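K.L.:
show me the folded form of this:
(3 chains)
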Amino acid sequence: MRTLSSFLGREVETQSGRGLGKCRDLRASIGRDHAAVEAIVVGRRGWLEHLGIAKAQRRDAVPWEAVVKIEGNRIVVRDGTEFV
Amino acid sequence: MKVFQVALGILAAIGGFVDIGDLVFNVSAGATFGYQLLWVVVIGVIGIIVYSEMCGRVAAISGKAVFDAVRERLGFKAGLMALVAAQVVNLMTLTAEIGGVAICLQLLSGLPYRWLIVIAGLVLLVVVWVTAFEWIERIFGYGGLCLLVFAVAAVKLHPVWGAVGHGFVPHLQTQSPILYAYFAIGLLGAAMTPYEVYFYSSGGVEEQWGPKDLGLNRVNAMIGYALGGFLSFALMIVGGSLFLDKGIEPEFLGSITMGAEVPLGQIGLLLALVGILFAVSGAAIDTLFSGAYNLAQFLGWEWGRYRHPRGAPRFTATWLVLLVLALGLVMTGVDPVQLTEYAVIFSAVALPLTYIPILLVANDRSYMREYTNGRVANTLGLIYLVLIMIVSLTAIPLMILTNVGQN
Amino acid sequence: MSDYIDLGLHVLDHQLLDSEGRRCGNVDDLALEGGPGDKLRVVAILSGPGVWRQRAGVVGRVAAWIGRGGVVRVPWRDVDEVAAHVRLRKQAEELGLGRGDDRLRPLVEKIPGADR
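P.N.:
Sure, this is the predicted structure:
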């Protein structure tokens, strides 16, 4: 069993070692009786967006399907993963 | 009927705005710099209006009080630090206020200080336990209106009104800039004390404000605090008129009441004492509950006066314990006026932890639906946020440099 | 109908309300099941001082010790909706939440006027 808090703050890297940022959040689709993680939100959460100044339409997450392994302090995704 | 309700709320807010921090800092600022810092009070009042309106709106639309927002926005770790900081400052403030109440009672009755601490504690406890929530604010708010005697005193002391007017124009001081800055920080800290917004927002959730109450919220915040600010002006003008060139430092509450006694005699003294007694008692209750609200909201406990003690046992136990702790601390003989200075400065340091989450939540559409901050609220909110950060960073250095305002 | 939400932003650290609107704790963490190459599902909400150890380092461990470290696990199927608060489908007692208040209530009730 994993916990949400154990994901937050981990480095997200590609298989070839390129860093994509830290895991800031997990994006999930929820409905009655189900909640599945769809993507990992990486990078800085925009403060300016929070304050309503900048518009937040950035592609800021990598899809869960792209994750190959989780080890140590890292989450490793396939090379060439597109942000969603 | 609505107008009447609003008027009552405003009256309560006036008397409730002034607490021991405002008393000490406004009169001291007057005694040290005359009328020169009046403009800082204006800035402080606008700041508290802006943020009170924001958290009132957050309470009305999202049903959340400030500390819910603190935890949700800052996360558990930072939120826990904010909680600890808030509780420490709160306890200091509460201790200073109860001590202030005891001093007032002593000036009125002549009974020994130590007994009066216990009496003050018991009376506050019984009043809070027995009285309905709405009535507590009213009783202490209206009693605090006696502080208007300082407004009368200010006029009767015949200040040089030109100099007073000049004090409202922002300007820097070249003679003792560091001490000037210290008092400016203190005045802002006293005007925007965190416990005020914690209590206000929790009250809003308790009273189940909804969208229809937004107008009331705005009017209450603006007029009440503005008129409360007016009392602060009076205090500073009195301090300036009476103490400035005499080199008197109003270190004792008794000195502060002189401000009303000198121009208005015994009746002035009596009204001042009664006003201070009620205003500071009311502030003590607000501070006490803020401490309980913060802990309960952070931890997710059931909370609220409207839940009744049996509906919110841990919340009730919290404020009872806080009251006993504060009484114990006052018993150690700490000087309430001195402690107030420290409490205000530490409050100033903690300001960002309080106000950043409010600004974040007030802009979050998932909480606020279509009631997020408009351009005015955000512009002012951001300006004040920058100001608060400056205040927070400079408060302790200034306190050290000026030796807590003694220089 | 599915909604997308960010778990850390909209669920974690939010107030729990039971089916009757009673406040009964906070979402201190979420339990997930699954892994790389598989689905990752949220299976439960974790609430209680025991969870704080993982979340705030030394201070969290002290806080967990003060709170006497229990953990309550609320299955995700007992979640009714995620809005301003996280609303649950059952009463607090059924889920094992709000026990601190239940334990303290008999004591507080002894004081006259406790239902005022």
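
K.L.:
which of the residues in stretch B:163-177 are buried?
P.N.:
For stretch B:163-177, burial by neighbour count (16 or more other C-beta atoms under 10 Å in any protein chain shown) applies to B:164, B:167. The C-beta positions use only the backbone N, C-alpha and C, and glycine is treated the same way.

K.L.:
flag every buried residue along the lengthiest strand in chain C.
P.N.:
The strand that spans the most residues within chain C, counting by DSSP state E, is strand C:40-47. Neighbour counts over strand C:40-47 (16+ other C-beta under 10 Å) mark C:40, C:42-47 as buried.

K.L.:
wait, which of these is closest to chain B?
P.N.:
Closest approach to chain B among the buried residues of strand C:40-47 (C-beta to the nearest C-beta): C:Ser47, at 7.5 Å.

K.L.:
so which strand or helix has the nearest residue to that closest one once chain neighbours are set aside?
P.N.:
Nearest non-adjacent residue to C:Ser47, counting by C-beta to C-beta, 6 or more residues apart in numbering or on different chains: C:Gly25, 4.3 Å away. Secondary structure from DSSP states H and E places C:Gly25 in strand C:23-26.

K.L.:
neighbouring strands - and their directions - for that strand?
P.N.:
According to DSSP bridges, strand C:23-26 forms sheet pairs with strand C:15-17 (antiparallel).

K.L.:
tell me the mean pLDDT for the partner strand?
P.N.:
Here strand C:15-17 scores 96 as its mean pLDDT.

K.L.:
ditto for stretch C:62-71
P.N.:
Mean predicted confidence for stretch C:62-71 is 87.

K.L.:
what's the end-to-end length of stretch B:212-230?
P.N.:
Across stretch B:212-230, the terminal residues are separated by 29 Å (C-alpha to C-alpha, to the nearest Å).

K.L.:
contacts for stretch B:224-233 next, please.
P.N.:
For stretch B:224-233, contacts defined as C-beta atoms under 8 Å, 6 or more residues apart in numbering or on different chains pick out B:9-10, B:12-14, B:16-18, B:22, B:26, B:38, B:41-42, B:44-45, B:48-49, B:52, B:147-148, B:150-151, B:154, B:191.

K.L.:
so which of those residues are in helices?
P.N.:
Counted as lying in helices by DSSP state H, out of the contacts of stretch B:224-233, are B:9-10, B:12-14, B:16-17, B:22, B:26, B:38, B:41-42, B:44-45, B:48-49, B:52, B:150-151, B:154, B:191.

K.L.:
secondary structure element for A:Ala28?
P.N.:
Using DSSP H and E, A:Ala28 maps to strand A:19-31.

K.L.:
residue contacts, the residue lying closest to C:Arg22 once chain neighbours are set aside?
P.N.:
Excluding its sequence neighbours, the residue lying closest to C:Arg22 (C-beta to C-beta, 6+ apart) is C:Ala92, at 5.5 Å. Applying C-beta under 8 Å, 6+ apart, we find C:Ala92 in contact with C:18, C:22, C:24, C:98.

K.L.:
in contact with the last one, which residues are there?
P.N.:
C:Gly98 makes contacts with B:302, C:18, C:22-25, C:92, as judged by C-beta under 8 Å, 6+ apart.

K.L.:
now with 6 Å?
P.N.:
C:24, C:92 (C-beta atoms under 6 Å, 6 or more residues apart in numbering or on different chains).

K.L.:
still on that earlier bit, beyond the longest strand of chain C, next helix or strand please.
P.N.:
Scanning forward in sequence from strand C:40-47 by DSSP H and E, the next helix or strand is helix C:57-66.

K.L.:
and the helices in chain A?
P.N.:
Ranges of helices within chain A are A:4-7, A:47-50, based on DSSP H.

K.L.:
ranking those by mean pLDDT, which is last?
P.N.:
Per-segment mean pLDDT for those reaches its minimum on helix A:47-50, at a mean of 57.

K.L.:
mind listing what's buried along stretch A:25-44?
P.N.:
Quick answer for stretch A:25-44 (16+ other C-beta under 10 Å): A:25-28, A:30, A:35-42.

K.L.:
near chain B at all, it?
P.N.:
No: Stretch A:25-44 lies apart from chain B when judged by C-beta under 6 Å from any C-beta of the partner chain; the minimum separation is 11.0 Å.

K.L.:
and the contacts of stretch B:389-405?
P.N.:
Residues outside stretch B:389-405 that contact it (C-beta under 6 Å, 6+ apart): B:178-179, B:181-182, B:185, B:188, B:341, B:345, B:348-349, B:351-352.

K.L.:
which among the ones in helices among the contacts of stretch B:224-233 are in contact with chain A?
P.N.:
Counting by C-beta under 6 Å from any C-beta, no member of the ones in helices among the contacts of stretch B:224-233 is near chain A.

K.L.:
just say helix, strand or coil for C:Glu81.
P.N.:
With DSSP: H, G, I helix; E, B strand; the rest coil as the basis, the three-state label of C:Glu81 is strand.

K.L.:
who's in contact with the closest residue to it other than its chain neighbours?
P.N.:
Residue nearest to C:Glu81 in three dimensions, not counting chain neighbours: C:Arg87, with 4.9 Å by C-beta to C-beta, 6+ apart. C:Arg87 makes contact with C:17, C:80-81, according to C-beta under 6 Å, 6+ apart.

K.L.:
nearest to chain B among those residues?
P.N.:
Relative to chain B, and with distances defined as C-beta to the nearest C-beta, the nearest of those is C:Leu17, at 9.5 Å.

K.L.:
interface residues of chain C facing chain A?
P.N.:
Chain C comes close to chain A at residues C:2-9, C:29-32, C:36, C:39-42, C:54-55, C:76-77, as judged by C-beta under 6 Å from any C-beta.

K.L.:
any idea how far C:Arg87 is from B:Pro170?
P.N.:
Going from B:Pro170 to C:Arg87 by C-beta to C-beta, to the nearest Å gives 49 Å.

K.L.:
ah, wrong one, I meant B:Leu270
P.N.:
B:Leu270 sits 54 Å away from C:Arg87, going by C-beta to C-beta.

K.L.:
same question for C:Leu32.
P.N.:
21 Å.

K.L.:
which pLDDT value belongs to B:Leu11?
P.N.:
B:Leu11 is given a pLDDT of 70.

K.L.:
dump the residue contacts of it.
P.N.:
If a contact means C-beta under 6 Å, 6+ apart, then B:Leu11 has no contacts.

K.L.:
what does C:Leu7 give?
P.N.:
By C-beta under 6 Å, 6+ apart, the neighbours of C:Leu7 are A:4, A:26, A:28.

K.L.:
how about the residues of chain C near chain B?
P.N.:
Counting by C-beta under 6 Å from any C-beta, chain C comes close to chain B at C:13-15, C:23, C:25-26, C:55-56, C:59, C:84, C:100-101, C:104-105, C:108-109, C:113-115.

K.L.:
let's see that with 8 Å instead.
P.N.:
Those residues of chain C that sit near chain B, judged by C-beta under 8 Å from any C-beta of the partner chain, are C:10, C:12-16, C:22-26, C:28, C:47, C:52, C:55-57, C:59-60, C:63, C:84-85, C:98, C:100-101, C:104-105, C:107-109, C:111, C:113-116.

K.L.:
is it possible to mark the buried ones in the residues you listed?
P.N.:
For the residues of chain C next to chain B, a burial check counting by 16+ other C-beta under 10 Å picks out C:10, C:12-16, C:22-26, C:28, C:47, C:52, C:55-56, C:60, C:63, C:84-85, C:98, C:100-101, C:104-105, C:108, C:114.

K.L.:
quickly note the distance from C:Ala114 to A:Leu26.
P.N.:
Going from C:Ala114 to A:Leu26 by C-beta to C-beta gives 43 Å.

K.L.:
what of B:Leu108?
P.N.:
With distances taken as C-beta to C-beta, B:Leu108 is found 61 Å from A:Leu26.

K.L.:
same thing with B:Ser290?
P.N.:
Taking C-beta to C-beta as the measure, B:Ser290 falls 34 Å from A:Leu26.

K.L.:
how far away is the closest residue to B:Val361 other than its chain neighbours from chain C?
P.N.:
Spatial nearest neighbour of B:Val361, excluding adjacent residues (C-beta to C-beta, 6+ apart): B:Ala69 at 4.3 Å. Distance, B:Ala69 to chain C, using C-beta to the nearest C-beta, to the nearest Å: 10 Å.
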